[in-house]
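S.K.: Structural data only, the sequence is not supplied:
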């Protein structure tokens, strides 16, 4: 069973919310426990009431430096990046982390983002969906532009790469025109993982066509997506409203039965604060996994291998 | 505190090195530009030596349009600068970290947020080198048909720098910005706390008229390319005068020419090391590199041992073009000879010699009012970086020209700027 922590809530300087130190501590501990990946949000501040997080892609690079095996996934908006920039950032992250990176593509329009990014006209929700489609096609195309064996490093002959193993993208579409190629080579895992968390049917259709990993609410029905894994997002609550189903062993058994019944590859647990993350890692998470124990991932397996996804599924 | 003014020294980090053939050097790891562990090692070496910062440049695209040429260089592939800096921030504690990012293909809120994030991750050691993009190859990756004319790029860059500076201002971090300008609409502030240095350091390098104006008004550090004392001093005097005219203290801006030093115990040994790299340049690679900086097809079909033809001014890197053309005329260089010179440091100053000889030259520029410090460009790494830190820096310290240890925890503290 695969397990992930979705970090969310407030990022603060101090106090009960997330800090850089708390992030590093939680991710480090999650890695020791054998959690498959952490998922970071990428919220910009809309008001004093809504906390801004630091740039999630750069948090991933920073966390990659102090971790070895845990997967690192973050949200990155198609409104706030050019496709070439996003493709390049994630390809670089995947090299830095040795193939442990994923990109969660949000499909809902965020008004706060609209207000701080200077589009020639206001983008509607419908525009965003069409834009996301084209954006994803470009990003995947750029990631596939270099063959795995393109780099020769042949010093005597002076051949750094084989030009026959590199392709321009030459994309021209309604929203973007991108020639390529990317100036980052192929990822150690073929391409970063594409993660989608659909909230309605149109998004589910997108997920089925593009995603490596689909995250669903437990109430949603599974999409027809044979190339992807599906994990359910679940915030365990007891009848009394606390954040843990008590006791953990019982909750674990229930979750394992649910996964088997629905065909989930595993679960994503939201952690709105460092304390919630700690409670999950103290109680519930160690009870899940094979034989009721999580085991750390051996060696330097890529995230794609770790989740048992077909290599190059999105190429 | 030393009574004598101290040099600023940065490491302009290009892996496997600034020389176009560095990747072919027997001791340089050919995949250096793709290996985070190698970068971390270099940054840690630079930190152990006490350098003010490491600096990385950027290109949002491969650097050579012709795949047959590009495939003979290591310049088409590398780590993206901001993710690289985040990883370096995790592995260093005192050295500054400066990255290039273009105003042409970014949005100010996103860029301000990225650098503010890096500044938090590093505890206040970050700088942004502002560039306006000069490459048609990059333009094609961002849906733009050709480059914007030079003057438009700078109009956008001026508004961009203004918005970013206001977003970084510690007083504005939790307020709405509500900016509406000719190029940008930005409603929200960053909502992130400032680092111990307040705002990232702002670096620029454009030496055109528009570039100098923008730098004089906004920059903390200015990189420049100059091959002679006279041209360096001319730029230095002009820029400091503009800084005063803008109402700023000229000591608050550090002007740092690039220099690519090859330092050895004897001059003969240093020259031998330079010659060894020169041997590894294929003619077509050197000529293509030169042509890309001149933004011209005028070299195609020209005899390589003939003179440089007339080169029209273009929308590309105007100041670097002028420098290179001037070098060819001044030294009466054929295309081949100019290209081979250029392949070492792309028009920057090159010094070859003993620690005493090289230190004499650096000291002459520094005390003669042509530089506040230097951006060091090793021809290949780690070799020429190690030679610089082991042989040259002790000589600079012996002369009282460079500090021992870091005066503080931030990049502003290292550079001695407000």
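M.R.: Great, that's in hand. Bear in mind the structure is a predicted one, so any value in this text is a computation, not a measurement.
S.K.: Could you list the low-pLDDT ranges of the chain?
M.R.: In the absence of a named chain, chain A is used. Within chain A, the stretches with pLDDT under 70 are A:13, A:46-50, A:118-121, A:236-246, A:289-300, A:311-315.
S.K.: meant chain B, my bad for not saying
M.R.: For chain B (pLDDT under 70), the answer is B:1-3, B:144-149, B:315-317.
S.K.: if we go to 80?
M.R.: Within chain B, the ranges that satisfy pLDDT under 80 run B:1-4, B:133-134, B:144-151, B:206, B:295-296, B:312-319.
S.K.: ok, now which ones touch residue A:102?
M.R.: A:37, A:39, A:71-74, A:192-195, A:212-213, A:303 (C-beta atoms under 8 Å, 6 or more residues apart in numbering or on different chains). The C-beta positions use only the backbone N, C-alpha and C, and glycine is treated the same way.
S.K.: mind redoing it with 6 Å?
M.R.: Counting by C-beta atoms under 6 Å, 6 or more residues apart in numbering or on different chains, residue A:102 touches A:73, A:192, A:193, A:195.
S.K.: for those residues, which one is nearest chain B?
M.R.: For those, the residue nearest chain B by C-beta to the nearest C-beta is residue A:192; the value is 12.0 Å.
S.K.: Make CSV out of the contacts of residue A:102 and add neighbour count.
M.R.: As requested, the contacts of residue A:102 are exported to CSV (neighbours: other C-beta atoms under 10 Å in any protein chain shown):
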residue, neighbour count
A:73, 26
A:192, 29
A:193, 31
A:195, 26
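S.K.: Sort out for me which of the residues you listed are in strands.
M.R.: A:73, A:193, A:195 (DSSP state E).
S.K.: ranges for the helices of chain A?
M.R.: Assigned by DSSP state H, the helices in chain A fall at A:20-33, A:56-65, A:83-96, A:111-114, A:125-143, A:201-210, A:248-262, A:274-282, A:303-306.
S.K.: So what's the gap between the fifth one and the chain middle?
M.R.: A distance of 16 Å separates the centroid of the chain from that of helix A:125-143, by C-alpha atoms, centre = their mean, to the nearest Å.
S.K.: Equivalent analysis for the first one, please.
M.R.: Here the centre of mass of C-alpha atoms in helix A:20-33, compared against the chain's by C-alpha atoms, centre = their mean, lies 17 Å away.
S.K.: What helices and strands are in contact with it?
M.R.: helix A:274-282 (3 or more C-beta pairs under 6 Å, 6 or more residues apart in numbering or on different chains; DSSP states H and E).
S.K.: The fifth one too?
M.R.: Helix A:125-143 sits against helix A:83-96, with contacts defined as 3+ C-beta pairs under 6 Å, 6+ apart.
S.K.: residues near residue 19, how many?
M.R.: With no chain named, the answer covers chain A. 16 (other C-beta atoms under 10 Å in any protein chain shown).
S.K.: The intended chain is chain B.
M.R.: Residue B:19: 28 neighbours (other C-beta under 10 Å).
S.K.: Can you tell me which residues in the stretch 151-300 of chain A are near chain B?
M.R.: A:153, A:155, A:158, A:160, A:161, A:163, A:176, A:177, A:178, A:179, A:183, A:185 (C-beta under 6 Å from any C-beta of the partner chain).
S.K.: Distance-wise, check the closest residue in space to the third one that isn't next to it in sequence relative to residue A:156.
M.R.: Right, residue A:158. The shortest distance from residue A:158 to any non-neighbouring residue, by C-beta to C-beta, 6 or more residues apart in numbering or on different chains, is to residue B:72 (5.1 Å). As judged by C-beta to C-beta, to the nearest Å, residue B:72 and residue A:156 stand 12 Å apart.
S.K.: Comparing these two, which shows the higher neighbour count?
M.R.: Neighbour totals were compared for residue B:72 and residue A:156, and residue B:72 leads with 27 against 6 (other C-beta under 10 Å).
S.K.: The more buried one contacts residue B:284, correct?
M.R.: No: using C-beta atoms under 6 Å, residue B:72 is not in contact with residue B:284; the gap is 7.8 Å.
S.K.: Point me to the residue of chain B nearest chain A.
M.R.: Closest point on chain B to chain A, by C-beta to the nearest C-beta, is residue B:191, at 2.7 Å.
S.K.: Just give the number of residues close to that residue.
M.R.: Neighbours of residue B:191 under the rule other C-beta under 10 Å: 24.
S.K.: can you pull the contacts of it?
M.R.: Contacts for residue B:191 were tallied using C-beta under 6 Å, 6+ apart; they are A:45, A:52.
S.K.: again, but for the one 4 residues further on
M.R.: With contacts defined as C-beta under 6 Å, 6+ apart, residue B:195 is in contact with B:119, B:120, B:124.
S.K.: Wait, a helix at it?
M.R.: No: going by DSSP: H, G, I helix; E, B strand; the rest coil, the assignment for residue B:195 is coil, not a helix.
S.K.: phi, psi of it?
M.R.: Main-chain torsions, residue B:195, degrees, to the nearest 10: phi -80, psi 180.
S.K.: And it, how close does it get to residue A:32?
M.R.: Residue B:195 is 29 Å from residue A:32, by C-beta to C-beta.
S.K.: residue contacts, the most centrally placed residue in chain A?
M.R.: For chain A, the residue nearest the mean C-alpha position is residue A:73 (3.1 Å; C-alpha atoms, centre = their mean). Residues counted as contacts of residue A:73 (C-beta under 6 Å, 6+ apart) are A:37, A:39, A:102, A:104, A:195.
S.K.: What residues does chain B have near chain A?
M.R.: B:24, B:30, B:36, B:61-62, B:67-68, B:71-72, B:74, B:76-77, B:79-80, B:83, B:86-87, B:90-91, B:107, B:109-110, B:113-114, B:117, B:121, B:140-143, B:184-188, B:191-193, B:282.
S.K.: Helix, strand, or coil at residue B:101?
M.R.: Here residue B:101 is recorded as strand under three-state DSSP.
S.K.: and the residue of the stretch 51-200 of chain A nearest chain B?
M.R.: Nearest to chain B, among the residues of the stretch 51-200 of chain A, is residue A:52, at 3.1 Å (C-beta to the nearest C-beta).
S.K.: on that earlier part again, now, among the contacts of residue B:195, which is nearest to residue A:229?
M.R.: Nearest to residue A:229 out of these is residue B:120 (C-beta to C-beta; 33.7 Å).
S.K.: ok, and the closest non-adjacent residue to that closest one?
M.R.: Closest to residue B:120 by C-beta to C-beta, 6+ apart is residue B:195, at 5.4 Å.
S.K.: Would you mind measuring from the one you found to residue B:410?
M.R.: 7 Å.
S.K.: what's the overlap in contacts for these two?
M.R.: Contacts common to residue B:195 and residue B:410, judged by C-beta under 6 Å, 6+ apart, are residue B:124.
S.K.: quick revisit: which two of the contacts of residue A:73 have the greatest separation?
M.R.: A:37 and A:104 (10.5 Å).
S.K.: Looking at the two, which is more packed in?
M.R.: The neighbour comparison of residue A:37 against residue A:104 (other C-beta under 10 Å) goes to residue A:37, with 27 against 23.
S.K.: What's opposite the more buried one in the beta bridge?
M.R.: Beta bridges link residue A:37 to residue A:4, residue A:71 when assigned by DSSP bridges.
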